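# what follows is a protein structure lacking sequence information:
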Ligand SMILES: Cc1cc2nc3c(=O)[nH]c(=O)nc-3n(C[C@H](O)[C@H](O)[C@H](O)COP(=O)(O)OP(=O)(O)OC[C@H]3O[C@@H](n4cnc5c(N)ncnc54)[C@H](O)[C@@H]3O)c2cc1C
């Protein structure tokens with residue numbers, strides 16, 4: 001069995017930054033990622049978008065940012081393994097055994113959980129036809145925007161992902177319908193305002209999709225108005241269902257990590273410690289002292305910096321909590 005000081009679970013933005021920071025603090029770490037690429041939500045949910053709110057980078061394509069984060073993560077040679085889904089964490093006398101893909105074991109003294117929103121299982125509507133038209137006009141994300149050129153698209157949802165997608169799709173599609181089951185939105189006000197001003201976007205409120213139909217590809221959706229109980233058919237070329245993901249924070253059966261009431265976040269204190277000594281959590285998966293963290297790369301990157309310094313002190317009580325300024329290094 002291979003031994004490490006620290007095992008980092010997840011190579012999303014925060015797992016990648018934690019990997020770099022572990023190298024910076026001279027911690028022998030292994031990062032385990034379920035997918036066969038890094039970046040978490042970036043490649044899965046918004047590869048084509050521009051990011052504006054990372055310190056010192058006025059604007060950057062999300063995938064370019066991911067590439068730079070992976071380059072930074074590899075700076076000190078800390079290992080990253082893909083296709084390695086952590087399926088269990090088992091407490092031992094000296095730390096933990098970490099089970100990958102149901103069998104292979106690695107051991108470490110500490111574990112940092114950076115599993116974000118989990119393994120990206122999309123939440124389904126659950127209506128007839130949903131499974132039949134997957135990848136035949138129906139998708140849960142927008143990965144290749146060119147495929148939507150000159151099409152009529154329906155976007156289901158009222159959160160950030162749905163309204164972001166509607167704005168993005170309106171740049172290439174001929175018409176975009178936002179189909180939302182209520183009158184209230186969870187999306188950021190500015191994004192919603194932009195969508196409302198866009199002539200190509202039409203909002204269909206208080207409406208759910210009750211059936212998806214077509215021949216070899218998706219052609220129609222049946223819309224059910226939840227207020228007056230009427231149905232109507234809408235002709236579409238494509239449908240994007242963006243109503244969130246089914247995430248469960250603690251998938252590790254041998255340890256009893258404290259989670260939020262909805263089971264989507266792991267509870268940590270302001271030192272990013274979970275209820276199990278030696279196991280830490282940071283990034284979108286963590287909830288600090290019961291409060292949600294701002295789901296932002298810059299904010300959670302700062303948290304990862306703190307967490308790694310705290311882990312350094314846990315691994316070596318003689319070490320200083322502050323590792324010094326990176327500008328003093330001569331790399
Ligand atoms: C549409 C959209 C736009 C956004 N725009 C911005 C923006 O402009 N600026 C900004 O700062 N933030 C933005 N965000 C938020 C930002 O992407 C997240 O805050 C960030 O991705 C959180 O990183 P993370 O590493 O905690 O989690 P994630 O990105 O969710 O990554 C978690 C990783 O862990 C892996 N994983 C999960 N379970 C396991 C397991 N058991 N074993 C191994 N690996 C596992 C997953 O495969 C994934 O790669 C946006 C998010 C969305 C959805």
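Great, that's in hand. The model shown is predicted, which means the values in this text are computed figures rather than measured ones.
# use CA for all of it now, contacts and neighbours both
OK.
# contacts made by the top helix by length along the chain with the rest, please.
Among the elements of type helix in the chain, defined by DSSP state H, the one spanning the most residues is helix 297-315. Taking contacts as Cα atoms under 8 Å, 6 or more residues apart in numbering, the residues outside helix 297-315 that touch it are 5, 13-14, 17-18, 21-22, 25, 27, 53-55, 109-110, 271-272, 278, 280, 282-284, 293-294, 319-323.
# which of the residues you listed count as buried?
Neighbour counting over those (16 or more other Cα atoms under 10 Å) leaves 5, 13-14, 17-18, 21-22, 25, 27, 109-110, 271-272, 278, 280, 282-284, 293, 321 as the buried ones.
# out of those residues, list just those in strands.
Those of these mapping onto strands are 5, 109-110, 280, per DSSP state E.
# which one of those residues is nearest residue 192?
The shortest distance between residue 192 and any of these, using Cα to Cα, involves residue 280 and amounts to 35.6 Å.
# ok, that closest one - contacts?
If you count contacts by Cα under 8 Å, 6+ apart, then residue 280 has 110-113, 268, 272-274, 307 around it.
# and if we set it to 6 Å?
The neighbours of residue 280, taking Cα atoms under 6 Å, 6 or more residues apart in numbering as the test, are 112, 272-274.
# state the distance from it to residue 204.
Relative to residue 204, residue 280 is positioned 43 Å away (Cα to Cα, to the nearest Å).
# can you name the residues of the stretch 201-331 of the chain sitting close to the ligand?
Contact residues of the stretch 201-331 of the chain with respect to the ligand, defined by Cα under 6 Å from any ligand atom, are listed as 283-285, 295-298.
# is it possible to mark the buried ones in these?
Among these, those classed as buried by 16+ other Cα under 10 Å are 283-285, 297.
# check which helix or strand the residue in the stretch 101-250 of the chain positioned nearest to the ligand maps to.
When distances are taken as Cα to the nearest ligand atom, the stretch 101-250 of the chain approaches the ligand most closely through residue 116, which lies 3.1 Å from it. In this structure, residue 116 sits in neither a helix nor a strand according to DSSP states H and E.
# tally of neighbours for it?
By the measure other Cα atoms under 10 Å, the count of residues near residue 116 is 27.
# let me see the contact set for it.
Taking Cα under 6 Å, 6+ apart as the criterion, residue 116 is in contact with 284-285.
# quick check: phi and psi on it?
Here is the backbone geometry of residue 116 (degrees, to the nearest 10): phi 50, psi -130.
# okay, it: pLDDT?
Residue-level confidence at residue 116 comes out at 94, pLDDT.
# tell me the spacing between it and residue 201.
Distance from residue 116 to residue 201, counting by Cα to Cα: 31 Å.
# just give the nearest non-adjacent residue to the residue nearest in space to the middle of the chain, would you?
Ranked by distance to the mean C-alpha position of the chain (Cα atoms, centre = their mean), the top residue is residue 41 at 3.7 Å. In space, residue 41 comes closest to residue 12 once its chain neighbours are excluded; the distance is 6.9 Å by Cα to Cα, 6 or more residues apart in numbering.
# quick revisit: in helices only, show me the buried ones among the contacts of helix 297-315.
Within the buried ones among the contacts of helix 297-315, membership in helices is found for 13-14, 17-18, 21-22, as judged by DSSP H.
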